[in-house]
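> sequence below, structure please.
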Amino acid sequence: MESGEEQEVEEFYVKFKSFSYLHCRWADLEELEKDKRIHQKVKRFRAKQLLNSFITEMDEEPFNPDYVEVDRVLDMSESPDETGE
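Okay, the predicted model is just below:
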């Protein structure tokens, strides 16, 4: 590889077992290979991504518009507006 040429590296955003989501970080496959089960986990992740992209392509609408329609009001609060009224 010539100097100055960028090499594309696939990274995964991972959450490590027994750590909180605050400790999630990006890691490349080479770094993750410390875990001998990583290849199966990556394979499962890629299969899930392919399935999700296939399902998304099948849907005509990206989301159900019924979910943006107000169903009911649960509570009300009164507070003064910017003019103090």
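> quick one: pLDDT of R72?
R72 carries a pLDDT score of 84 in this model.
> now for the helix or strand of the chain with the lowest mean pLDDT, which elements pack on it?
Least confident helix or strand, the chain: helix 38-58 with a mean of 83, by mean pLDDT, DSSP states H and E. The helices and strands touching helix 38-58, judged by 3 or more CB pairs under 8 Å, 6 or more residues apart in numbering; DSSP states H and E, are helix 29-32. (Each C-beta comes from the backbone N, C-alpha and C, glycine too.)
> in the sheet, who's paired with the closest residue to A27 other than its chain neighbours?
Among residues not flanking A27 along the chain, V14 sits closest, at 5.4 Å (CB to CB, 6 or more residues apart in numbering). On the basis of DSSP bridges, V14 takes part in beta bridges with R25.
> V14: what's it in contact with?
Counting by CB atoms under 8 Å, 6 or more residues apart in numbering, V14 touches 24-27, 32.
> which residues touch S77?
With CB under 8 Å, 6+ apart, S77 has no contacts at all.
> so it, which state does it fall into?
coil (DSSP: H, G, I helix; E, B strand; the rest coil).
> residues in contact with the least confident helix or strand of the chain: which ones?
12, 29, 32, 35, 62.
> would you mark the buried spots in that helix?
I38 (16 or more other CB atoms under 10 Å).
> could you check the pLDDT of the residue nearest the centre of the chain?
For the chain, Y13 is the residue whose C-alpha lies nearest the centre (CA atoms, centre = their mean; 8.7 Å). In this model, Y13 is scored at 92, pLDDT.
> between the contacts of V14, which is closest to E6?
Nearest to E6 among the contacts of V14 is W26, at 16.6 Å by CB to CB.
> what's the closest non-adjacent residue to that closest one?
E11 (4.6 Å).
> residues touching that neighbour, list them.
If a contact means CB under 8 Å, 6+ apart, then E11 has 26-28 as its contacts.
> great, nothing more from me.
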